[in-house]
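Chemist: below are the sequence and a predicted model; questions follow.
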Amino acid sequence: MRVAVLGMGSVGRGVLQMIEEKDLGISVTAVADSRSALIDKDGISIDEVLEAKAKSGFCGDRSLTAMDVVKKAAYDVLIEVTPTNADTGEPALTHILTALEKGRHVVTSNKGPISREFSRIRSLAAARGVQVRYEATVGGAIPVMHMLEHGLAGNRVLAVFGVLNGTCNFILTRMAAEGLTYEQALLEAREMGYAEADPTYDVKGIDPAVKLVILANTFCRKPVTLEDVEITGIDLLTNDALRLAEEQHCTIRLIAEAIPDRGILRVAPRLLPLSHPLVVEGTLNAITIETDMAGEITLIGKGAGSVETASAIIGDLLYIRNFHAERHPKKT
Amino acid sequence: MKLEIKDAPGQLIAALKPISDLGGNIIAVIHQRDEKQRGGMLSVQIVLELPEQRLKELTRMIREQGVNIQRIGHERLLYQKAVMLIGHLIHTDLGDTVDRIDCTGFAEVTELNISMPAITQVSSARLLIKAVNKEDMEQAMAILRRVAREKEFLLVEPLEEIE
């Protein structure tokens, strides 16, 4: 199976490293970062590309762009792992739509296009008879999309609850454990590299809301958008509130919640008993799925990280190869 | 609830045991010996707290003990929920915030723990709200959400299980 990788950030590099290390029978025929690209239909040398990127900041030829890769390279699956633009979804949206239009499968970690243009992307993929998979957009390494679509196939999903933002969970864990103020815990999260210089997207609950939209669109019939989510962040929480919660053997976590039958789509800090399965520590993510047949299932795992996210992407790639590769027979 | 029990050793215990077996909490036992009735029976009044939906089971168990239930009083404030409020709670009239729930008649704030670090900083409070049933509790929460919006509080609600 031939893949083209767009994006050479931590996720893109993790994917390339794992493809190289694990001998999965995947050949990389093109890569692109924001300023250069490299195309070779016989397969590029991953070691050389990673080294070039580390040394010069460019992965290849500066006269080539990511769009050249999408249009001209020889690949079966496009791996779109450029940074998320939550406002427009671009340039990832154009990359994805163009690849699908050309009849290529797409695997992405990019929340922008999947949360904003899900219906459009899905219907184009269906029309072209190709797959678009996005396991890595929600919950990092946690295979929640596979669980919803395959593991729990035939179930009716009654509700999904999740701790979907590692930065917020880290801040709340530290406020509860050490009695830090919100500002102190945020500072610590920054020093540890868990929070961006501008943490708004995380602490105001927008990131988990975007992920909730992606989850809801995966299991609900009625399409939803970010505007449908009622969002409250964690930035007004006090360590006093966490202490008062702890006195009752409870704590506070930022919970994303979707209950389709009651029309609930909400991200908000919530009180939970300390023994609740969603009370996970640090940057961990956790997702509880409630269904009619299976009852309650909770998945807990790493919500971010280069190799962890690569795990989700490679899971999607191998799923496509194993179950949907008939249009693109395996090269010998 | 008003019970009629035999005036004999062990009878009161037999009547009370089902309450604790069902996870109930006995608040008061009013045992008036001078009210002795015909046939050596005693009237006993019990005020108790019981988890939701358990009253039917309790009456059955008490009757099995050979105790006659004369009367069951009103079910009151049996459903409870703890919530957090964060904001300028004092300067926005805490009394009014509590009263908006209490004045409904179907829900009450029964506990309030508040932490006020400094005049300029926000306060944090844990409120215990009790209501007769789930529907009333939902209405009380809707009122609280409205108050929170109006007074710019952060309201932290418990995560409920799906039924």
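Modeler: On my side now, so go ahead.
Chemist: around chain B, which positions in chain A sit nearby?
Modeler: A:158-159, A:161, A:232, A:236-238, A:240-241, A:243-245, A:247-248, A:250, A:252, A:255, A:257, A:259, A:268-272, A:276, A:278, A:290 (CB under 8 Å from any CB of the partner chain). To be clear about C-beta, it is placed using only N, CA and C from the backbone, and glycine gets the same treatment.
Chemist: hey, where'd the strands end up in chain A?
Modeler: Using DSSP state E, the strands found in chain A span residues A:2-6, A:27-32, A:37-39, A:77-80, A:105-108, A:132-133, A:157-163, A:230-231, A:250-259, A:264-273, A:284-291, A:295-302.
Chemist: can I get those in TSV with distance to A:E191 and mean neighbour count?
Modeler: Formatted as TSV, those follow (distance: least, CB to CB, whole Å; neighbours: other CB atoms under 10 Å in any protein chain shown):
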stretch	distance to A:E191	mean neighbour count
strand A:2-6	31	27
strand A:27-32	32	25
strand A:37-39	35	23
strand A:77-80	31	28
strand A:105-108	30	29
strand A:132-133	35	24
strand A:157-163	22	23
strand A:230-231	27	14
strand A:250-259	21	24
strand A:264-273	23	21
strand A:284-291	19	22
strand A:295-302	20	16
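Chemist: same list, those strands, but as JSON lines with mean pLDDT please.
Modeler: As requested, the strands of chain A are arranged in JSON lines below (pLDDT from 0 to 100):
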{"stretch": "strand A:2-6", "mean pLDDT": "97"}
{"stretch": "strand A:27-32", "mean pLDDT": "97"}
{"stretch": "strand A:37-39", "mean pLDDT": "96"}
{"stretch": "strand A:77-80", "mean pLDDT": "98"}
{"stretch": "strand A:105-108", "mean pLDDT": "98"}
{"stretch": "strand A:132-133", "mean pLDDT": "98"}
{"stretch": "strand A:157-163", "mean pLDDT": "97"}
{"stretch": "strand A:230-231", "mean pLDDT": "96"}
{"stretch": "strand A:250-259", "mean pLDDT": "97"}
{"stretch": "strand A:264-273", "mean pLDDT": "97"}
{"stretch": "strand A:284-291", "mean pLDDT": "97"}
{"stretch": "strand A:295-302", "mean pLDDT": "97"}
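Chemist: distance to B:L3 added to the ones you listed, as JSON lines?
Modeler: As requested, the strands of chain A are arranged in JSON lines below (distance: least, CB to CB, whole Å):
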{"stretch": "strand A:2-6", "distance to B:L3": "76"}
{"stretch": "strand A:27-32", "distance to B:L3": "80"}
{"stretch": "strand A:37-39", "distance to B:L3": "85"}
{"stretch": "strand A:77-80", "distance to B:L3": "72"}
{"stretch": "strand A:105-108", "distance to B:L3": "68"}
{"stretch": "strand A:132-133", "distance to B:L3": "65"}
{"stretch": "strand A:157-163", "distance to B:L3": "42"}
{"stretch": "strand A:230-231", "distance to B:L3": "48"}
{"stretch": "strand A:250-259", "distance to B:L3": "37"}
{"stretch": "strand A:264-273", "distance to B:L3": "35"}
{"stretch": "strand A:284-291", "distance to B:L3": "42"}
{"stretch": "strand A:295-302", "distance to B:L3": "40"}
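Chemist: and those strands: which comes nearest A:A195?
Modeler: Closest approach to A:A195 among the strands of chain A (CB to CB): strand A:250-259, 13.6 Å.
Chemist: for the closest one, packing partners?
Modeler: Secondary-structure packing of strand A:250-259 (3 or more CB pairs under 8 Å, 6 or more residues apart in numbering or on different chains; DSSP states H and E): strand A:157-163, helix A:166-178, helix A:206-219, helix A:239-247, strand A:264-273.
Chemist: now those as JSON lines including distance to A:Q131?
Modeler: Shown next, in JSON lines, are the helices and strands packed on strand A:250-259 (distance: least, CB to CB, whole Å):
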{"stretch": "strand A:157-163", "distance to A:Q131": "21"}
{"stretch": "helix A:166-178", "distance to A:Q131": "28"}
{"stretch": "helix A:206-219", "distance to A:Q131": "14"}
{"stretch": "helix A:239-247", "distance to A:Q131": "43"}
{"stretch": "strand A:264-273", "distance to A:Q131": "26"}
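Chemist: walk me through the domains of chain A.
Modeler: A:2-141+A:307-327, A:152-302 (automatic domain parsing).
Chemist: and the closest residue to chain B within the stretch 1-150 of chain A, what is it in contact with?
Modeler: For the stretch 1-150 of chain A, the residue closest to chain B is A:L148, as judged by CB to the nearest CB, at 16.3 Å. Listed by CB atoms under 8 Å, 6 or more residues apart in numbering or on different chains, the contact set of A:L148 reads A:157, A:215, A:218-219, A:289.
Chemist: rerun that using 6 Å as the cut-off
Modeler: Contact analysis of A:L148 by CB atoms under 6 Å, 6 or more residues apart in numbering or on different chains lists A:218-219.
Chemist: A:I46: how many residues sit nearby?
Modeler: A:I46: 20 surrounding residues under other CB atoms under 10 Å in any protein chain shown.
Chemist: just the pLDDT at the nearest residue to it once chain neighbours are set aside, thanks.
Modeler: Distances taken as CB to CB, 6 or more residues apart in numbering or on different chains place A:E20 nearest to A:I46, at 4.2 Å, with adjacent residues excluded. Listed pLDDT for A:E20 reads 95.
Chemist: picking that back up, the domains of chain A: which one's closest to B:K134?
Modeler: For the domains of chain A, proximity to B:K134 was assessed by CB to CB; domain A:152-302 is nearest, at 13.5 Å.
Chemist: how far is that closest one from where the chain is centred?
Modeler: Mean-position distance between domain A:152-302 and its chain equals 15 Å (CA atoms, centre = their mean, to the nearest Å).
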